[in-house]
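Enquirer: predicted model and sequence below, questions to follow.
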Amino acid sequence: MSELTSRLNLILQRISELHPHTRRPVRLVAISKTKPVEDIVELYQAGQRYFGENYAEELEKKSNDKLIRTHCPDIRWHFVGHLQRKKVPRFLTRVANLDCIQTVDSIELAERLNFILQQNARKLNVLIQINTSNEKQKYGIEPKQFLSLYNFIEKNCPTLNCQGLMTIGSMSNVQSENDQDFQVLIQCRKDLCEKSNRTFDDVELSMGMSHDYERAIQAGSTIVRVGSSIFGARLEMEYSDADPSFRARFVEPKFDPNLFIQSIASQSIGSEGLVNMKRRMYLISSEAKTDLKYNAFRNHTKFIETAKQVAALESEVYQLQSLLADEKQLLSTVKESLTIEAKSDSSATLETDACQSLLRHCQSLDLVSANPDRRLIYSGKLLEVKLDPSTKVPSSSHTTQPCYGLLCTDCFVIAKSSNIRTATAYDVDQVIKLQRNSLNTSDNDAHKQYSSSSVRIINVKDDVLRNAFTIQYNTDTITMMCESAQIKKNWIELFESLFYTRMRRLSRIASFQTEQEQVFQEEFFAEDWITTTEENLTILLAERNLQQALKLILQARKYAKDFLSQHKQQSLPFVDDYIKNIQEKEQDLRRIVEKEILSMCEHGCSTNLLKHYYQRIEILKQLGYVPKACDLFFTIQFSLMKNTLKQTKIEELNVVFVENFANTFFTRLVDSYYEFVQIFKDQRSTFTKFIVWMSNEIEKLITILHNQQYIGTKNFTFSMRNIDILFTKAEEFSVKLIDVKFILEEQLEQILTQIIRSQKEFIIDSLRQRHRDEKWIPVTFQTHDRLNQLFYEFHELGIEGNTLLEPFIIEEQTSDVLQIDLAPSTLQFTKAYLTFARDLFKVYYTSINYAIVEALVELIKLHLKYYERTLKKTNDMNLKKFIMKNVEFSLNYLFRYVEELYTPKIGIATKHLTKVYGKLNKLRNLAEA
C-alpha cells in the first residue's frame, strides 16, 4: 500500500470514529488542487469517488484528462472555488462528471447557472456559500441574506438542487479551538429548516478542512474538504488555497513583497512547496490576463454600442435638417408677401410697414435672438459696394447691389432684394450682432472708427466712392453707399450713439465690483513677477529654457494655492483665470518635452545623452505627469535597446552570436533597471509598468532568435544550447535584481514544446528506418581503437561508455576482433536517446515537464515495440535470446540511467517512467513462448 493510500485510509478511519451513527454519513471530498492526475487515479482505485478543485481551468483540464476518463469513470467532481459568471457557460459545458458546485453566493450566479443548465437540459447539485466570518476579502453571502438566495433558487431555478450550506473557516477558526464559524453555519441551517419545513438531515453542511475537519464533524458537518492531509503538505495551510484572501493580499496597499518572500522561505521545506507556490502564482497571473482580455472586449463592445448611438443621432440630425429645409421653403413663400412699392408719394408709409414686416420676418427666422427690449433705431435703403476680391480697394469699375439696412439696439440687419431690377422685395441676407464696444478715433476726422471687440464703423473719405462707410466685423468687411451725405451722417451718428451707450452701460457694471474684491486683486498682484508670469513663461519656452520654466510654473502653482487657502470663503475669479493661464503654459511645456523625446527616439537614442533625456523625464514627473513620464522613459529604453542590439555583430548560426546577443540584452536590461529605480524610486506603482516592459522586451528577444533560427526545430542540439545560454543569463540577472527567469520560461514554453515534439518525430523516423534494415547480429569492431572511439562518443554525452557496455562486450581470444552483443539499431538509438535526454535536462523546468516525460516514454515504448514485433514473428530461440539482451540493455541500463538523470530535477520519480519497466515481463513471456 502506497503512502498516499495510507493517508486516505487514515482520514476515513478518523471520520468513522468521530461520526455519530445517529446522523447521516459524513462525505469526504479530496481536494486535489495542483496535484497530478496519477494521484487522483490511485485514490480512485483505493475507493475514493468525490474530488474537489478550486480553479475552474484546472478542473476543466483534469476532468477531461485521458487518464482520468479511462480509469475513473464514476468520479464525482465538486467545485469549491469562486466561479465568475462569465466563465459559467464554458465551465458547465466542458467539465465532465460535475456533481456539485459548493460556492453559489449570489442571485446573479444562480440565475446564470440555471439559464445555461436549461439550455443543456441538465440539473446540478449546489450549496450556498456563507461568509460566516464576515471577512471582506472572502466570497460568500452574509448570514442575514442567505435565505433570500435560497428562496430565489427554490422558486426560480428548477435546474439547481440546493442540498445545503457551505463555509470556509477564518484563520482564527482554523488555528485555534474557536468553532464560531461552525456555529454560525449551524444556526443558518436551523433558520433554513424553520422557514422551509426541511429536516436537519435533509440539509448538507460542508465545513472543515485538513486542519479542522475533526472539530467540524463533531460540530455537525456532513461534508469535509481535505487536501494536504491526503495529498501531502502544501506551502501554506489549506484554507489559504480556498480563501480569496491569498489573492487579495497582492492588491492591499500595505503589501510588502520582502515579507511575503521571507514567509515563503521560512515555511518551505524542499522544492515541492516552492513549485506549488510558483504554480499558484502562475494561475493567478493567467486569471489576471483573462480578466484583462475580457475588460478589453467589454470596452470594445461599449465603444461599438456608442458608435451605433452616434449613428442614430446623426440620422435624427439629418431628419431635422430635412424639416428645416421644408420650413425654409414655407418661409420663402411667406416672404413673397413682403413687398415694398417704390412710389415716392406713399414711400414713407409703405416703407415703414415693410420695415416692421421685415423685422418680424427676421425674428421669425430666429436670426435675432428674442429680446423684449429690442427696438428699431433707424432703417433705410443702401447700396452694397462689390469690391475687387484681389485688391479689396474701390475702383471705377466697382458694382453695387441695392439692400435695406435696419439698425436695432443689439444688431444690424442687412436685407437684399431678390429682384435686382425693381428692388421691390427684400429678404434677410446678414445679421451683425453688436457686442461689447469701445471707441477709437483717429487724427483724421474723415476716417473715424467706431470699434468693438468684433465690429468697427469706418467713415470712408469721398473719392472713388461718395457718401460711403465701411462695416468691419470679425474678418469680413462690408462697404455701404448712401443716397446723400446727410443720410450717411445719420447712419454714422446713430452707430456712434449706440456704441457710446453700450460703453457707458458696461462702465456702470464694472463700477459695481466690490471694493473688497479689488483689494484682493491688488494683494494678489502685489509682486511684480506675478503680473509677468505668463509673458516670462512664453519667453522661456521659446528659448527652450525648460528648467527655468518648470521652476516658474511650480512657484506660480504654490503661490496661487497658498493665496486661495488664505481666502477660502471668497470668490476670486481673477485667481482662477491666472491658474488657467499657467495650466495652458504647463501644457505647452509638456508638449515640448514629449515632442523632443519622441523626435530623439525616432532618430535613435544615444547613451551619451541619457542625462539630458532623464532631465526631461524629471520635468514631467515634477509637473505631476508620472504615467506620461513613465511611458516616455520606456520609449527611450526601447530605442536604446534597439540600437544596442544592432551593434552586436551578426555571425552565422553559432552560439557565439547568441551569447554576445544575450550579454548585450541583459546588460542593457540591468542599466535600464537602475535608471528606472533612480528616477521613479518614489512612485512604487510604476514598477508594474517596468515588469510589463521587461516582459515585452524578453518576448521580442525570443522572437528575434526564433525568426533567425537560433531557436527552432531545424537543429535541436543547437537550439537547446542557445536556450541554455538565455537561462544562464536570466539566472544571473535574477540573482542581482528581479526574477525574470519565470518570464523567460513562460515565453519559451510553447516554442520548447514544439521543438521537443519535432525532435521526437525525427528520432521516431530514424528508429523506423533502422529497425526496418536490422539484421539482428552483434556489432563488430576490428580494433580496440574503434571501440575506444565509441566510448569517447558516450563520454561526450555524459556517461562512461565502458561502464555502460562492459557486460555486453565479447572479446575473441584468437584475434583482435571485438563484439558488443547488441544490435546496431540498439546502439544508434542509445546515442540518439542519450543526446535527446541530455539536451532536455539542460533546459528543464516545471512547465515543460509533461512534454519531456511524454517524449521520453513514447520513444522508449516505440523502441520496445519493434523488439516485440520481431519476437512475435520468429521461432528461433537464439534470435529471441539475442533480442532479450537488447531489451534488457534498453530498460535496465539505458532507460534506468535516463530515469536517474531525470529524478533529481523533480525530486521524485514520475509514474509515467516507472510504468515502462512493466514491459520487461511481457517481452520475457513472448521470448519464452
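Expert: Noted; the coordinates are in hand. Residues are numbered from 1 along each chain as shown.

Enquirer: every contact and neighbour count from this point should use C-alpha atoms.
Expert: Will do.

Enquirer: any low-confidence regions in the stretch 501-650 of the chain?
Expert: Filtered on pLDDT under 70, the stretch 501-650 of the chain yields the residue ranges 501-517, 519, 569, 606-607, 647-650.

Enquirer: need the strands for it, in chain order.
Expert: Counting by DSSP state E, counting those that start in this stretch, the stretch 501-650 of the chain has no strands at all.

Enquirer: helix or strand next in line after the helix or strand encompassing residue 678, which one?
Expert: Using DSSP states H and E, residue 678 sits in helix 655-680. Counting by DSSP H and E, the element after helix 655-680 in chain order, helix or strand, is helix 687-707.

Enquirer: send me that next one as PDB with only the CA atoms.
Expert: Only the C-alpha atoms of helix 687-707 are listed here, as PDB (Å, rounded to 0.1, in the frame of the first residue of the first chain):
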ATOM      1  CA  PHE A 687       7.200  49.200 -11.000                       C
ATOM      2  CA  THR A 688       4.400  47.200 -12.500                       C
ATOM      3  CA  LYS A 689       4.900  49.000 -15.800                       C
ATOM      4  CA  PHE A 690       8.600  48.200 -15.700                       C
ATOM      5  CA  ILE A 691       7.800  44.500 -15.300                       C
ATOM      6  CA  VAL A 692       5.400  44.700 -18.200                       C
ATOM      7  CA  TRP A 693       8.000  46.500 -20.400                       C
ATOM      8  CA  MET A 694      10.700  44.000 -19.400                       C
ATOM      9  CA  SER A 695       8.400  41.100 -20.300                       C
ATOM     10  CA  ASN A 696       7.700  42.600 -23.700                       C
ATOM     11  CA  GLU A 697      11.400  43.100 -24.400                       C
ATOM     12  CA  ILE A 698      12.100  39.500 -23.500                       C
ATOM     13  CA  GLU A 699       9.400  38.400 -25.800                       C
ATOM     14  CA  LYS A 700      11.000  40.500 -28.600                       C
ATOM     15  CA  LEU A 701      14.400  38.900 -27.900                       C
ATOM     16  CA  ILE A 702      12.900  35.400 -28.200                       C
ATOM     17  CA  THR A 703      11.100  36.400 -31.400                       C
ATOM     18  CA  ILE A 704      14.300  37.700 -33.000                       C
ATOM     19  CA  LEU A 705      16.200  34.500 -32.100                       C
ATOM     20  CA  HIS A 706      13.300  32.300 -33.200                       C
ATOM     21  CA  ASN A 707      12.900  34.100 -36.600                       C
END
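
Enquirer: let me see the mean pLDDT of it.
Expert: What helix 687-707 shows for mean pLDDT is 83.

Enquirer: buried ones in it?
Expert: Within helix 687-707, the residues that count as buried by 16 or more other Cα atoms under 10 Å are 687, 690, 693-695, 697-699, 701-702, 705.

Enquirer: how about stretch 194-206?
Expert: Of all the residues in stretch 194-206, those buried under the rule 16+ other Cα under 10 Å are 200, 203-206.

Enquirer: contacts for it?
Expert: Here stretch 194-206 makes contact (Cα atoms under 8 Å, 6 or more residues apart in numbering) with 23-24, 163-167, 185-186, 189-190, 192-193, 220-225.

Enquirer: what about burial for those, which qualify?
Expert: 163-167, 185-186, 189, 192-193, 220-225.

Enquirer: re earlier: adding distance to residue 819, write the buried residues of helix 687-707 out as JSON lines.
Expert: Formatted as JSON lines, the buried residues of helix 687-707 follow (distance: Cα to Cα, whole Å):
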{"residue": "687", "distance to residue 819": "65"}
{"residue": "690", "distance to residue 819": "62"}
{"residue": "693", "distance to residue 819": "60"}
{"residue": "694", "distance to residue 819": "57"}
{"residue": "695", "distance to residue 819": "55"}
{"residue": "697", "distance to residue 819": "55"}
{"residue": "698", "distance to residue 819": "52"}
{"residue": "699", "distance to residue 819": "52"}
{"residue": "701", "distance to residue 819": "50"}
{"residue": "702", "distance to residue 819": "47"}
{"residue": "705", "distance to residue 819": "45"}
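
Enquirer: which of the residues you listed lies closest to residue 774?
Expert: Nearest to residue 774 among these is residue 705, at 39.6 Å by Cα to Cα.

Enquirer: list the contacts for that closest one?
Expert: Contact partners of residue 705, counting by Cα under 8 Å, 6+ apart, are residue 711.

Enquirer: got a list of contacts for stretch 556-574?
Expert: 517, 521, 524, 530, 533, 575, 579, 582.

Enquirer: related to what we said a few turns ago, just the contacts of stretch 194-206: which are in helices?
Expert: Those of the contacts of stretch 194-206 mapping onto helices are 185-186, 189-190, 192-193, per DSSP state H.

Enquirer: list just the nearest of those residues to residue 211.
Expert: residue 185 (18.1 Å).

Enquirer: that closest one is in contact with residue 132, isn't it?
Expert: Yes: the pair residue 185 and residue 132 qualifies as a contact (Cα atoms under 8 Å) at a distance of 6.7 Å.

Enquirer: and for the spatially closest residue to residue 893 that is not a sequence neighbour, the neighbour number?
Expert: Spatially, and ignoring its direct neighbours in sequence, residue 893 is nearest to residue 804 (6.9 Å; Cα to Cα, 6 or more residues apart in numbering). Here the number of neighbours of residue 804 (other Cα atoms under 10 Å) works out to 15.

Enquirer: isn't residue 804 up against residue 896?
Expert: No: Residue 804 lies out of contact with residue 896 (Cα under 8 Å); the separation is 11.1 Å.

Enquirer: pull up the overlap in contacts between the two.
Expert: If you check residue 804 and residue 896 against Cα under 8 Å, 6+ apart, no residue is contacted by both.

Enquirer: touching stretch 130-150 from outside, list them.
Expert: By Cα under 8 Å, 6+ apart, stretch 130-150 touches 82, 103-107, 128-129, 162, 165-170, 181-182, 184-185, 188, 192, 243-245, 248.

Enquirer: just the terminal-to-terminal distance for stretch 458-470.
Expert: In stretch 458-470, first residue to last residue: 5 Å (Cα to Cα, to the nearest Å).

Enquirer: err, stretch 701-717, not the other one
Expert: The straight-line separation of the ends of stretch 701-717 (Cα to Cα) is 20 Å.

Enquirer: residue contacts, residue 882?
Expert: So residue 882 contacts 776, 821-822 (Cα under 8 Å, 6+ apart).
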